[in-house]
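1. Give the three-dimensional model of this entry:
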Amino acid sequence: EYKSYLRMILFLVLIGLASSLSPADRTRIQEEINVSVSSLKEAYQVALSKSILGSADSSLCDFVSKNSQLNLDDLYYTSSILKVSKCSVSTSGAEDVLKSELSSDSLKKIFKAVVALNNLGLDLGESVLPKAIDIAKKEDTVMAYSLAYIISSVYNEEVPQDLLDSVEDIAHRADTIGDALSFDGGLIETVMFLKGALACSVKAEKSLLNDEMIQKFSNYVLGNKYKQGLSNVFYLLSGLDVLSNNKLAVPTRIIILEDSNVMTRETEFIKLSVVDPLGQSIHTAKVTIKSSMSPLTGQSLFGKDPINSSTGEFLLPKITDRRGIYNLEVEGGVPTGYLAPANAKFPAKVVVEGKVSDGKLKLVDTDDNRVLLDSDLSQAPLQGKASLSTRFVLDFYVSDGAENIAIHQAFVRFTNVKTGQEVHFVAQADLTRKYTVDVHFRSSAAKAFKSVGGEYQVQLVLGDPTLVTSITKNVGSINLVLPESLIPASSPFPKPEITHVFREKEKRPPQVVSFVFTGLVFLPAVILLIMWGKLGANVSNFSFSLASVGFHVGLLTIMAIYVNFYLGVNMFTTMKCLSLVAVVTFLCGNRLLSSIASARKASK
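-> Sure, this is the predicted structure:
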């Protein structure tokens, strides 16, 4: 159950990441299907997958020609390959073999025979659709109905109304996971149902599934796009292909093309597109940016009014004034036959090239107010020497080429050349956006530098989401000299391993002594029994009633509880046990004493 829960969480995450097949996805899938095949089934899956991606070739023709036999499975795979490729393979005798399978009671065999006859352009003969529908109703499974739907789409006759009505009923058997619908049979069963249901929809000239169902089935299929393996890739592409080409209700999504939501001075526009599940752009669709506000400044990237484009390209004016991060709210308009995409939200940012300007480094001896080093960062890398009385001051601006800007992160990193120890000091900005790093080695030596002197490499590190790339500038090196009293006695390197020998167990007494001591412990009990015998203790009057047995057993149990407490049971457990046994013992004892008193009265 725990693993199933984790798989469900992972699948929901993948659904959130999946929108359609991106160019990167198509390249990755293309690499997965460019494999050598060892069976006609694999050849069939590779050929159809390449055809869907628009890269069909005839490289499998020789393999198909050499391995295809006159049996149902081979003819089904071969006919499907011939339909999407330019192969020339002899199928002499295929019609007789396939038509003989139409009399089978197996719906799967009937399905393969009908599809193969249709692929080869052969006469289908007398319709077996009524028989297929009867078998589907008898089996009453999702896969059986899916095969019946596909068979009905092949024959040139009207689909029976009861079969059309069953499509939505079968769809309601699907499980809902987040925003996705799927059947228990997973990707294969879901894709086969979509192929059959949408084929029937096209033939009936109306969508047999509502828009929400189609969108959720599409979400499920797309959620499997990261699964590996030829079979998974084949059914993924088959599902996306039938969703993208059903001509009645094609799911759509709005995507950003070419990562254009990161804009610079060289690329001053963003490209949006409405695509089908296969990632193919719908050129007659329109895209509208309803809002493009910055959550920090409230500034609008494209103005306050919505703007639309039939090409999906939006030019950004005055980019120098609009550096920052923005939230885009986008909606799309699609022609008839497509499902309107859900309004999408995308992050967008305008980035600039940053550089350090007017940087100056000073090393000042605070004891006599003497400047040890005063140099411009343009002359870096610089070299200097510092002690406890030295003050390190670095001033600089960050410029985008037009003005000085404020950035999210700026700090100086000291790295000990010998030990690799890193020490960081954050730069502070004033109202003029001038950044300063001020380090007093006297106060920082013990705490920040951990009293470790030596040569340190000094680097200035700048980072901000609106910079094209982070900046790491080599300032130079500083030799930090510390007095002997501050140098730690311990080395910063790992200390030698300490081994410890535990105290050996004390020698135990001989076994004879233990037995003698145990005998002495039980001796008083033996003496007690002997004395009872000499004194003539009378046990003949013992009554074997419930109260008598319960009372004496209770006493023995209480003694056993005391022994357990002595041997190691804690007090709380002991009190719980005693509270239960004591109540029973008290009731039994009271009843026993009452019966003894009654017996004495009766004897008088």
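2. in which helix or strand would I find the residue nearest to residue 198 when sequence neighbours are not counted?
-> Among residues not flanking residue 198 along the chain, residue 246 sits closest, at 4.2 Å (C-beta to C-beta, 6 or more residues apart in numbering). All C-beta atoms are positioned from the backbone trio N, CA, C, and that covers glycine. Using DSSP states H and E, residue 246 is not contained in any helix or strand.
3. my read: residue 246 touches residue 201, true?
-> Yes. Contact criterion C-beta atoms under 8 Å: residue 246 and residue 201 qualify, at 6.6 Å.
4. hang on, the earlier thing: the residue nearest to residue 198: neighbour count?
-> Neighbours of residue 246 under the rule other C-beta atoms under 10 Å: 21.
5. For it, give me its contacts.
-> By C-beta atoms under 8 Å, 6 or more residues apart in numbering, the contact list for residue 246 reads 198, 201-202.
6. could I get the residues you listed as TSV with secondary structure, pLDDT and distance to residue 257?
-> TSV is the format used below for these (DSSP: H, G, I helix; E, B strand; the rest coil; pLDDT from 0 to 100; distance: C-beta to C-beta, whole Å):
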residue	secondary structure	pLDDT	distance to residue 257
198	helix	92	28
201	helix	91	30
202	helix	90	30
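7. how near is the residue nearest to residue 198 to residue 253?
-> Between residue 246 and residue 253 the distance, using C-beta to C-beta, to the nearest Å, works out to 16 Å.
8. Name the residues of stretch 183-199 that are buried.
-> 183, 187-199 (16 or more other C-beta atoms under 10 Å).
9. actually stretch 447-456, sorry about that
-> 449, 452-453, 456.
10. Same check on stretch 114-133?
-> In stretch 114-133, counting by 16+ other C-beta under 10 Å, buried: 114-120, 124, 127-129, 131-133.
11. now stretch 581-588
-> For stretch 581-588, by 16+ other C-beta under 10 Å, it's 581, 585, 588.
12. surely residue 333 meets residue 286?
-> Yes. Contact criterion C-beta under 8 Å: residue 333 and residue 286 qualify, at 4.2 Å.
13. quick one: which of the buried residues of stretch 447-456 is nearest residue 535?
-> residue 452 (87.9 Å; C-beta to C-beta).
14. Look through every helix and strand of the protein and give the one with the lowest mean pLDDT.
-> Lowest by mean pLDDT, DSSP states H and E among the helices and strands of the chain is helix 2-17, with a mean of 41.
15. ok so, going back, want to throw the contacts of residue 246 into CSV with distance to residue 437?
-> Shown next, in CSV, are those (distance: C-beta to C-beta, whole Å):
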residue, distance to residue 437
198, 65
201, 68
202, 69
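16. which regions of the stretch 501-604 of the chain sit below the pLDDT cut-off?
-> Segments of the stretch 501-604 of the chain classed as low confidence (criterion: pLDDT under 70) are 537-542, 604.
17. and if we set it to 90?
-> Within the stretch 501-604 of the chain, the ranges that satisfy pLDDT under 90 run 501-556, 558-574, 576-580, 584, 589-604.
18. go on, the stretch 101-250 of the chain?
-> 101, 103-104, 120-127, 155-159, 176-180, 185, 203-206, 223, 225-229, 245-250.
19. Could you point out the longest helix of this structure?
-> In the chain, taking DSSP state H as the definition, the longest helix is helix 571-603.
20. Now it: buried residues?
-> Applying 16+ other C-beta under 10 Å to helix 571-603 flags 577-578, 581, 585, 588-589, 591-592 as buried.
21. Taking the buried residues of stretch 114-133 together, which two end up most distant?
-> Spatial extent of the buried residues of stretch 114-133 (C-beta to C-beta) is set by the pair 120 and 133 at 24.1 Å.
22. hang on, residue 406 packs against residue 429?
-> Yes. Between residue 406 and residue 429 there is a contact under C-beta under 8 Å: 6.1 Å.
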